[in-house]
Each structure stands twice: as structure tokens, then as C-alpha cells.
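> Here you go, sequence then predicted model.
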Amino acid sequence: GFRLGFRAVEIREGATAMDRTFLFNGKPIKTKGVNRGECHPKYGHYVPDEDVLRDLALIKQANMNHIRCSHFPQGEYFYYLCNKIGIYLMDEANLESHGCFYGDLSISHREEWVAAHWDRVRAMYEWEKNNPSVILWSLGNEAGPGRAFKECYENLRGRDPDGRPVNWERNNSLVDIGSRQYPPVEWVRDVAAGTNTVMYPYHINEYAHDRLSCPNDLKAYQDAIESSDRIIGAAIWDWADQSLLAKNEKGEWYDAFGGDFGEKPVEGAGGDGILEGVVKADRTPEPSYWEAKYAYQPYCFADVKVKGEGLAQVESKNFFADSSDVRFEYRLLSEGRFAGEWKPLDLGAPVGPREKRVFALPADALAAKAKPGAAIRFRAVQVAELNELVPDYAVLDLFRIRYDYHNAKCLIKGEAAGTDAAALLSEASRVD
């Protein structure tokens, strides 16, 4: 069948340059994302359709809504699924020349290289221009700051009637939005506060570098990003480890990388420069996957510090959807162990976008609260089908409020919900 998607993307000017805001359908959304290239442990840079679907199911399960296509446009089925299930994309030209320097020696300054730069940017645009999931363009990755990119921007801006903002991390002055890779969290807080002289609005192309599952403090970054409308969002580096299957001397399969094929030199200490994913090459989630799931959660619960007892608050981070498609539940714990089954948490009418709602704890939870070592765990479970593709694709939010009886403090701790993504896939081939 033939499918259409409609959406509006714009940058709204503000009273000052630092108040420029990125809007999607009139809302200052937050892109919570990851960098994804096409890699497969068996097939290299070819990813079968069923594995593309599996990737996107896992990405949705992690509460991610954004992908930067690093560092090249991806396959047709990928865009089809992103259009269908709702992923905000930064599409990126297959253009990288950091081996040819960044500064005055960069080939981006040289006239004879301008046409080659534009050829790659034009190919990206013509290939993906009709996909509504593409809301941002990127001129490439880690190349120079020169005139070639100025001409690429001007040509792209002239061709795209949709006016999608253009990103170029190496020279923000040439394009529509500011961007940077791997800023410290304090720097991000300054950008969100408008005290940093950068170009606004801002997008963090790469952050939380996940080499060997060490992505830094994602929650602190996300709190800073969500503290104002000046930052569009960010994309974790990287989605999946890029190791390849190989056999050792005993004929056993293992994940090969960093010189295992006899290549020299290799990237990183010990060649681990390609082991940077929040999932392993076979898509087994790493600890950082669960950390991202917690940092990106669309519903948050907290204790309410008011005179009296028995109140909590739920906050929606969504900009468009209410909670009609989720089921809120709670479960009691005693001394760190479950003390019963999950029970429905009745919040009345659906929680609206951006709403903060205070509610009374259920009677049994209130009674348990008074006991030493008691805890309450809340979660929001997806109940609606994901556009008929991946039913029950995610436990959106799972964490607990632990009441410390001895010092009367409320502690919030994130916890991961183990889910077998393969069991969630209702379709492993193209839907037309």
C-alpha cells in the first residue's frame, strides 16, 4: 500500500539568539537517541530486514525515539520502519575525511574537492528526501570546516522545501543548529541555561562514549538536556559492537576484533575501538542499555514531600501522547524481596502530555511504607500494539521508590526490566 506522513519542522526565533527553539509539530521535543550504523556480526555491513526490525524493537524498548544515521544513509526498509513506528532521524551524508585533517590543511578548503563533497550530500538528500521520519540533516562526520561545506549547506537548503535544519558539527557557523561531540555534563548544563556562547538550538551528535560499556552519567546528562528548550537532544555512541564472528584454533565461534584478522595497526588500546555499543554484536543488551532505558524513561514517579503521608507524583515526559496506551502498576517489596504480585495502579483519567499528577498511594502500599525495609516499585507497561508491528514492545518505565524508615528519606533507584526482544517480534519481513 501507499503511505503518507505529515509533520512540520521549524526553528522558532526567540527574543535573543539563545532562545531559538527547534519545534516538531509545534512542540519543543526532546530527541533521546543513539548513533546507529549498519553492522552485523555475520554479514558485516549488510543487515537483513528481520535484524533491522529487531534493532528498532530494541531501540524502542530502551525508550529511545531518535537515531543519528552514522555515518551514512541506511537501507530502504530501515526508513520504512522509522516512518511507521515513529523514530526521529538525523540523516547523515556518507562523508568523512578526518584522516585529511580538520584545520587549514583540510580538503574541504580546496576547490577541486567541492564537487565531491556535494555529490555525497546530494545523494543523501535525493535518496531520503520523502521520509517524514527525517527531521534533521547532517553534512557528514569528522571532516573539515571549509568552503565545500558552505556550498553543500547552501545547495541543500535550496533543494529542501521542507526546511529541515542542517547540522555540521565541525563548523556550526555554516548551518542552522549548534552541535558538538562529547561535551562534559557541566558544559551541557551551561548550554541549557543559555550561559554558553554557542549556536542555538543545540544537538549533541555523540556523547556518552560507550567503549566497553562505560557511558558516563546518562541521567545527569538527560536532566541537563531536559532543563530547558535550548537543547534538542543527543545521541549515544554507539548502538552495537562492530565485532565479527570468527573461529578460533578449536573451531569455536567468537567475537573477533582488533587485530584478530591479522590487520595492523588497530584502533584503540588492544583494538577495542569498535566495542562501543549499548548492545553486543548479537544484540544482547549491555548494562549501559538499561542505564539508557532509565535515563530516557517517559514516565517518572517520585515521593511528594508535603505535610502528611501517602502521596506520590507521576510526571509525563511526552509531548504528544497521553497514557492511554500504557498500564500503570505497582508492586510491594520487603527487605529487597517481592512481597506480592504486580497490581493495577488506578490514576483515573489518562496522564496528559507534560502533566505532573499527584496521587494517593494505594492502602496496602501506604501500610507497607511504615515498615522498615519496605519499598514500592512502579512501572508503566505498554498495552497497545506498536502499529501492528511489535506488540507489547516495551516496559516503558520500571523503577522503585524506596522508603528508608530510619531517616525518613525517599530514594529513587532505576531498575531494568529483562525482556526477550526476539519473542516480541511479530513480523520478521517487509509489510507493504
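Happy to help now that I have it. Numbers count the residues shown, from 1 in each chain.

> ok, longest helix in the protein?
helix 114-128 (DSSP state H).

> looking just at contacts, which helices and strands does it meet?
Packing partners of helix 114-128 (3 or more Cβ pairs under 8 Å, 6 or more residues apart in numbering; DSSP states H and E): strand 88-92, strand 134-138, helix 147-159. Bear in mind the C-beta positions are built from the backbone N, C-alpha and C, glycine included.

> Including mean neighbour count, mean pLDDT and distance to A192, could these go into a markdown table?
Listed next are the helices and strands packed on helix 114-128 as a markdown table, based on neighbours: other Cβ atoms under 10 Å; pLDDT from 0 to 100; distance: least, Cβ to Cβ, whole Å:
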| stretch | mean neighbour count | mean pLDDT | distance to A192 |
| --- | --- | --- | --- |
| strand 88-92 | 25 | 98 | 19 |
| strand 134-138 | 25 | 98 | 19 |
| helix 147-159 | 18 | 97 | 26 |
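
> And the ones you listed: which comes nearest Q382?
Within the helices and strands packed on helix 114-128, the stretch nearest Q382 is strand 88-92; the backing value is 18.7 Å (Cβ to Cβ).

> Contacts for the longest helix of the chain, please.
73, 79, 91-95, 108, 134, 137, 139-140, 147-149, 151-152, 155-156, 159-160 (Cβ atoms under 8 Å, 6 or more residues apart in numbering).

> Which stretches in the stretch 151-300 of the chain count as helices?
185-193, 218-225, 287-295 (DSSP state H, counting those that start in this stretch).

> Show me which residues of the last one are buried.
Yep, that's helix 287-295 we're talking about. S288, Y289, W290, E291, A292, K293, Y294, A295 (16 or more other Cβ atoms under 10 Å).

> Quickly name whichever of those is closest to K369.
Closest approach to K369 among the buried residues of helix 287-295 (Cβ to Cβ): Y294, at 22.9 Å.

> With distance to P344 added, can I get the helices and strands packed on helix 114-128 in TSV?
As requested, these are exported to TSV (distance: least, Cβ to Cβ, whole Å):
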stretch	distance to P344
strand 88-92	32
strand 134-138	36
helix 147-159	50
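
> F320: which of those is closest?
strand 88-92 (12.0 Å).

> Let's see that closest one as CSV, backbone CA atoms only.
Coordinates of each C-alpha in strand 88-92 appear next as CSV, following Å, rounded to 0.1, in the frame of the first residue of the first chain:
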residue,chain,number,x,y,z
TYR,A,88,13.2,11.0,14.8
LEU,A,89,16.1,10.7,12.3
MET,A,90,19.1,12.8,11.7
ASP,A,91,20.1,11.5,8.2
GLU,A,92,23.8,11.9,7.5
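
> What pairs with that strand, parallel or antiparallel?
Strand pairing for strand 88-92, determined by DSSP bridges: strand 66-69 (parallel), strand 134-138 (parallel).

> got the angle for it vs helix 114-128?
Computed by axes from the mean of the first three to the mean of the last three Cα atoms, to 10 degrees, the angle separating strand 88-92 from helix 114-128 equals 150 degrees.

> Next one: the closest residue to N216 other than its chain neighbours from Y182, what distance?
Among residues not flanking N216 along the chain, A208 sits closest, at 5.1 Å (Cβ to Cβ, 6 or more residues apart in numbering). Using Cβ to Cβ, to the nearest Å, A208 is found at 8 Å from Y182.

> which residues touch the closest residue in space to H109 that isn't next to it in sequence?
Take H109 and drop its neighbours on the chain: the residue closest to it by Cβ to Cβ, 6+ apart is G146, 3.6 Å away. Each residue near G146 by Cβ under 8 Å, 6+ apart is listed here: S106, S108, H109, R110, N171.

> now G340
R331, L332, D364.

> at 10 Å what do you get?
Residues counted as contacts of G340 (Cβ atoms under 10 Å, 6 or more residues apart in numbering) are Y330, R331, L332, L333, S334, D364, A368.

> Hmm, which of the residues you listed is lowest in pLDDT?
Looking at the contacts of G340 by pLDDT, the weakest one is A368, with 76.

> which residues does that one contact?
Residues near A368 by Cβ under 10 Å, 6+ apart: L332, L333, S334, A339, G340, L361, P362, A374, A375, I376, Y403.

> What's the mean pLDDT across stretch 299-309?
The average pLDDT within stretch 299-309 is 74.

> Find the least confident helix or strand in this structure, judged by mean pLDDT.
Taking mean pLDDT, DSSP states H and E as the measure, strand 409-414 is the helix or strand of the chain with the lowest mean score, a mean of 28.

> Of the contacts of G340, keep whichever come out buried.
Buried among the contacts of G340 by 16+ other Cβ under 10 Å: Y330, R331, L332, L333, A368.

> any idea which helix or strand carries the third one?
What that stands for is L332. strand 326-334 (DSSP states H and E).

> Now do the helix or strand following that strand: which elements does it pack against?
Scanning forward in sequence from strand 326-334 by DSSP H and E, the next helix or strand is strand 337-338. Identification of packing neighbours for strand 337-338 by 3 or more Cβ pairs under 10 Å, 6 or more residues apart in numbering; DSSP states H and E yields strand 374-382.

> on that earlier part again, from the contacts of G340, which two are the most distant?
Farthest apart among these by Cβ to Cβ are Y330 and S334. That separation is 14.0 Å.

> quick revisit: got the contacts of G340 as JSON lines, with distance to R120 columns?
As requested, the contacts of G340 are arranged in JSON lines below (distance: Cβ to Cβ, whole Å):
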{"residue": "Y330", "distance to R120": "52"}
{"residue": "R331", "distance to R120": "52"}
{"residue": "L332", "distance to R120": "57"}
{"residue": "L333", "distance to R120": "54"}
{"residue": "S334", "distance to R120": "60"}
{"residue": "D364", "distance to R120": "61"}
{"residue": "A368", "distance to R120": "60"}
